[in-house]
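Asks: Have a look at this fold, sequence not included:
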């Protein structure tokens, strides 16, 4: 009886669940249908609206202000249709995206015209609204917009986000400040407490590449920063811009406790060497990790002279094939006598050196 | 006969509890993945991949593409890989002892010459017959390795030995990869500051039904045939819902062998791909994770919900059966190799959640289903079925299966919306209703056969004949 009672109850429970699932299926299918309808309608509008936006943006790019009266910057004529559509969020998004994309690809007076169009349409108000919202992606988007449109007057609104806890907002704020202030915009690194990812470092370097290379103040401090990612970024700056004045500081970083920093200090010092660099690298070689030893040997390829050959030849005796290969490669590049030392080495006819020699002789790039 | 009733109740309620356990698991995974996809899409809208492609400060990447008897399409496939725009890139094609004319075709098409290329055998592999590079400067990124046949894992290990870069991207040579796919895959390695990213993977989609020309995806389309179509649905469900949730938990145990990126240093420290399993892709990820856990190193296995790679799905039950059989054996082997992690808190999420999930839901589920079916037949023969209960359970499980698929379709529409036509979505929804009836039982059977083959120590991959992606499709 008891079993029967439970069986019946179990079945009822399952039937109940099935009905619930069926209800959800109907609900989800309806949701899919509605979503598809909206998406398709939006897609239909998208092409029309994009064309409208493109036409106006093109007009703005080629707009020539009154030469006789430059103060008259009334700008391009806005069609009633655009005025009518502007309150529509989706149209505004399409328009703003097109405008931002165009702005990133033009400079000079065309760029100024686009800036004017942006303010003329009151789009900056919406960007500021985004910045003041509570949603992280909206804030980041607002900051990015103001940055691309070069609206420096809103610097004060963006600065509080420079050391913000939310990653994406912080990155956009830092990039924007860089756009506004050039190299001076990097001063946020003085107080940066969050790590700067490699990805963000790439973005910053890319932004900097657009600017004239000057005003390198602060790098000395950043090389001593307690934030390791700031030190790594500073090393990249030293490397990319060949900043010889920091040679001494880079040498000091050879004893940094972070292996990555030591590694990048070696990679960077290759670009700003002096006559003592090769010797400094050889001095630290013995106590270093394998990765750094390899990097030192690679650096010596550029830096070593006849005097360093005995040390590099000694590396051919290392048990690790990677080290043997790197040492032989370095010797191969020390002209005219480096490679001769590999050929006369006692292991030159044994594996793996014999194969390494053949590889080098093949001059594989 | 109280004991008989007891056994009957145990089986009945045991199956019910297992089903509820399974359903709860799926619901949690589904819900958990939504937030993560949303976050990714919002974040991704800020990314400029062009910047990464053209930068000189990006890390080096080696693409490893093993090829076995791919002569028919190898030239096109290699051309497609060489067209990837990334500064610091090498493309390594490993001819795994093909019996066809793949290597000759490559030599002629890319003006290759054999070189005395030094390879440090960090991982033991079968013998390399020769390494080729092009005399033509345009193809300077290309390296072709000709080796004795040793299987996919061995070929990939050769590629790892030959590669010089920090990251290796393993790809099936016949896969079609999306524009920017490589950049999207590499980004997580550069983004994370808290832990070391050791591997990344992306969504694999079914290419049957798509328009493809010169190794490029031109237009996305839903497969016309039932089997590829149902696999399309299956992949949407697995990648968009399942893996996204596991990625959020940092509990991913599998990066698809079709397209995944790995930290070369960790791969080598772990000994590379294991050629003693047919599930080498999953086994490598698990071993890398285990290595990081055992060395107490903070790490992450990342996943990207963007469709990155399109692959041809088996279009016949015969080939599909072989594939699923192999997947099952791969899962069993991996779980067996790393059984020490089972419910072991020392391995964190991996030991407490990921491994048990794979054990109970991926490995055990088909066996429980099959056992349930056998018991059902047995009880039916003896007239002991409680039909109302049985039918209610069947309806409940069926509707849940359909509901989960419909939810996945909704997520697809709201996120990537690859199959834009209403007709395609309708077809997918119809497929969701048909799948539990015509596809799922076959997959369960293939998994059971995989278990039997495993016990019989069968270790073959099984011939995976493909129709090819470039031929015209029915619409």
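Replies: Structure received. The shown structure was predicted, so the numbers you read here are calculated from the model rather than taken from an experiment.
Asks: wait, residue B:153 sits on residue B:267?
Replies: No - the pair residue B:153 / residue B:267 is not scored as a contact, 11.8 Å apart, by CB atoms under 8 Å. In short, each C-beta sits where N, CA and C put it, glycine included.
Asks: of those two, who's got more company?
Replies: residue B:267 (26 against 23; other CB atoms under 10 Å in any protein chain shown).
Asks: what sits against the closest residue to residue A:12 other than its chain neighbours?
Replies: Nearest residue to residue A:12, sequence neighbours excluded (CB to CB, 6 or more residues apart in numbering or on different chains): residue B:392, at 7.8 Å. Residues near residue B:392 by CB atoms under 8 Å, 6 or more residues apart in numbering or on different chains: A:10-12, A:14-15, A:18.
Asks: buried ones in the host helix or strand of residue B:392?
Replies: According to DSSP states H and E, residue B:392 maps onto helix B:387-414. For helix B:387-414, burial by neighbour count (16 or more other CB atoms under 10 Å in any protein chain shown) applies to B:389-390, B:392-393, B:395-414.
Asks: ok, now stretch B:48-58?
Replies: B:49, B:51-53, B:55, B:57-58.
Asks: go on, stretch B:283-302?
Replies: So, applying 16+ other CB under 10 Å, buried residues of stretch B:283-302: B:283-293, B:299-302.
Asks: So for that stretch, mean pLDDT?
Replies: Averaged across stretch B:283-302, the pLDDT comes to 96.
Asks: Same question for stretch B:396-414.
Replies: So the average pLDDT for stretch B:396-414 ends up being 93.
Asks: How about stretch B:339-346?
Replies: On average, stretch B:339-346 scores 96.
Asks: residues in contact with residue 32?
Replies: I went with chain A, as the question did not name one. Counted by CB under 8 Å, 6+ apart, residue A:32 has contacts B:406, B:409-410, B:413, B:425, B:429.
Asks: I was thinking of chain B, sorry if that wasn't clear
Replies: Per CB under 8 Å, 6+ apart, neighbours of residue B:32: B:245, B:248-249.
Asks: and it, which of the three is it?
Replies: Following DSSP: H, G, I helix; E, B strand; the rest coil, the label given to residue B:32 is helix.
Asks: for residue B:347, what are its contacts?
Replies: Neighbours of residue B:347 in contact, by CB under 8 Å, 6+ apart: B:290, B:293, B:341, B:355.
Asks: typed the wrong thing, it's residue A:114
Replies: Contacts of residue A:114 by CB under 8 Å, 6+ apart are A:57, A:60-61, A:99, A:102-103, A:106, A:149.
Asks: For it, grab phi and psi.
Replies: phi -70, psi -40 (degrees, to the nearest 10).
Asks: Distance of it relative to chain B?
Replies: 19 Å (CB to the nearest CB, to the nearest Å).
Asks: confidence score at that residue?
Replies: pLDDT, read off for residue A:114, is 89.
Asks: How about residue A:32?
Replies: So, for residue A:32, pLDDT stands at 95.
Asks: go on, residue A:73?
Replies: 50.
Asks: Quick check: which ranges of chain A have low pLDDT?
Replies: Counting by pLDDT under 70, chain A has low-confidence residues at A:1-9, A:65-75, A:364-365.
Asks: again, 80 this time
Replies: The model of chain A has pLDDT under 80 over residues A:1-10, A:63-76, A:213-216, A:363-365.
Asks: If you count residues, where's the longest helix of it?
Replies: helix A:2-61 (DSSP state H).
Asks: For residue 311, list the residues it contacts.
Replies: I'll assume chain A. Applying CB under 8 Å, 6+ apart, the residues contacting residue A:311 are A:282, A:285.
Asks: you looked at the wrong chain, it should be chain B
Replies: B:172, B:174-176, B:204-207, B:258.
Asks: out of these, which one sits closest to chain A?
Replies: residue B:205 (18.9 Å; CB to the nearest CB).
Asks: Residues of the stretch 351-475 of chain B that sit close to chain A?
Replies: B:386, B:388-389, B:392-393, B:395-396, B:399-400, B:402-403, B:406-407, B:409-410, B:413-414, B:417, B:420, B:422, B:425, B:429 (CB under 8 Å from any CB of the partner chain).
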